[in-house]
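[1] model this:
(one chain, ligands or ions: 1)
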Amino acid sequence: MANVAAHPLDPVDWPVETERLLLRPATEDDFPAVWAYRRLPEVSRWLGAQPPDFETYADRYRAPERLATQVLVLHSGTIVGDLMVRFEDPWAQAESSEQVRGTLIELGWSFDPAWHGRGLATEAVRAAIGLAFGPLGVRRVVANCFAENEPSWRLMERLGMRREAHNVRDSYHSELGWLDNLTYALLVEEWPTASGRAAT
Ligand SMILES: CC(C)(COP(=O)(O)OP(=O)(O)OC[C@H]1O[C@@H](n2cnc3c(N)ncnc32)[C@H](O)[C@@H]1OP(=O)(O)O)[C@@H](O)C(=O)NCCC(=O)NCCS
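    Numbers count the residues shown, from 1 in each chain. The predicted model follows:
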């Protein structure tokens, strides 16, 4: 069974360094810096919520179960983006539900547009997949996005994630109405050979 400690991301030896980035768990003190880019329409329009102001944002994300899933991404000491790393329970027959609890991680991401287009998000998500299959010990990683969010699904394809579902107009967007949603995934046994593993 996967590691689900008191703080779910405790099994990781933080901070985690990659070639250009440093990853660490978020704290409430980071909220103003994250809000500075999450409030931008080009970022917020693709996220799971579009809080109208900082207080609404902070109230939503300081909830302990949500704060525990947030990982910050820094480049040369500047916060350039954030990741969601959230344990989930895969579907299982009732008799096996305990056995498979916490063996799946869902990933999410948002990056400051000032830092888009340099591969930093790809590098951060690659690291998060490595943590999920490494110290966090899950067997499957999954991520979802609106089909219109091409930068997001291109990122997943760069990392070798497999498009497993294209759901037709199943997801509601506050401004755009019913949209298609894509699910991408990777299994632990695929990661060593997934196309994204070695590439920058
Ligand atoms: C999704 C998101 C993080 C993708 O940002 P991004 O800048 O495209 O991703 P990266 O930082 O990995 O950069 C990749 C781009 O840089 C280029 N690039 C430059 N140097 C690179 C490198 N060393 N490695 C990889 N890509 C590199 C790539 O070619 C790619 O550009 P392309 O798509 O035109 O080919 C960003 O669009 C975002 O934050 N969107 C708003 C929030 C959001 O949508 N969240 C997800 C909700 S599901």
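
[2] show me where this protein has its strands.
    16-17, 22-25, 70-75, 78-88, 104-111, 140-146, 162-173, 177-187 (DSSP state E).

[3] format these as JSON lines; extra columns: mean neighbour count, distance to the ligand and mean pLDDT.
    Glycine gets a C-beta too; all of them are placed from N, C-alpha and C. Below are the strands of the chain laid out as JSON lines (neighbours: other Cβ atoms under 10 Å; distance: least, Cβ to the nearest ligand atom, whole Å; pLDDT from 0 to 100):
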{"stretch": "strand 16-17", "mean neighbour count": "15", "distance to the ligand": "16", "mean pLDDT": "98"}
{"stretch": "strand 22-25", "mean neighbour count": "19", "distance to the ligand": "14", "mean pLDDT": "98"}
{"stretch": "strand 70-75", "mean neighbour count": "22", "distance to the ligand": "10", "mean pLDDT": "98"}
{"stretch": "strand 78-88", "mean neighbour count": "20", "distance to the ligand": "6", "mean pLDDT": "98"}
{"stretch": "strand 104-111", "mean neighbour count": "22", "distance to the ligand": "4", "mean pLDDT": "98"}
{"stretch": "strand 140-146", "mean neighbour count": "21", "distance to the ligand": "3", "mean pLDDT": "98"}
{"stretch": "strand 162-173", "mean neighbour count": "12", "distance to the ligand": "11", "mean pLDDT": "98"}
{"stretch": "strand 177-187", "mean neighbour count": "17", "distance to the ligand": "9", "mean pLDDT": "98"}
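
[4] so what's residue 86 closest to, chain neighbours aside?
    Of all residues not flanking residue 86 in the chain, residue 69 sits nearest, at 4.2 Å (Cβ to Cβ, 6 or more residues apart in numbering).

[5] for the ligand, what's its nearest residue on the protein.
    residue 119 (2.2 Å; Cβ to the nearest ligand atom).

[6] what number of residues lie near that residue?
    15 (other Cβ atoms under 10 Å).

[7] what pLDDT does it get?
    Residue 119 is assigned 98 on the pLDDT scale.

[8] list the contacts of the residue nearest to residue 74 when sequence neighbours are not counted.
    Excluding its sequence neighbours, the residue lying closest to residue 74 (Cβ to Cβ, 6+ apart) is residue 22, at 4.6 Å. Taking Cβ atoms under 8 Å, 6 or more residues apart in numbering, we find residue 22 in contact with 15, 16, 73, 74, 75.
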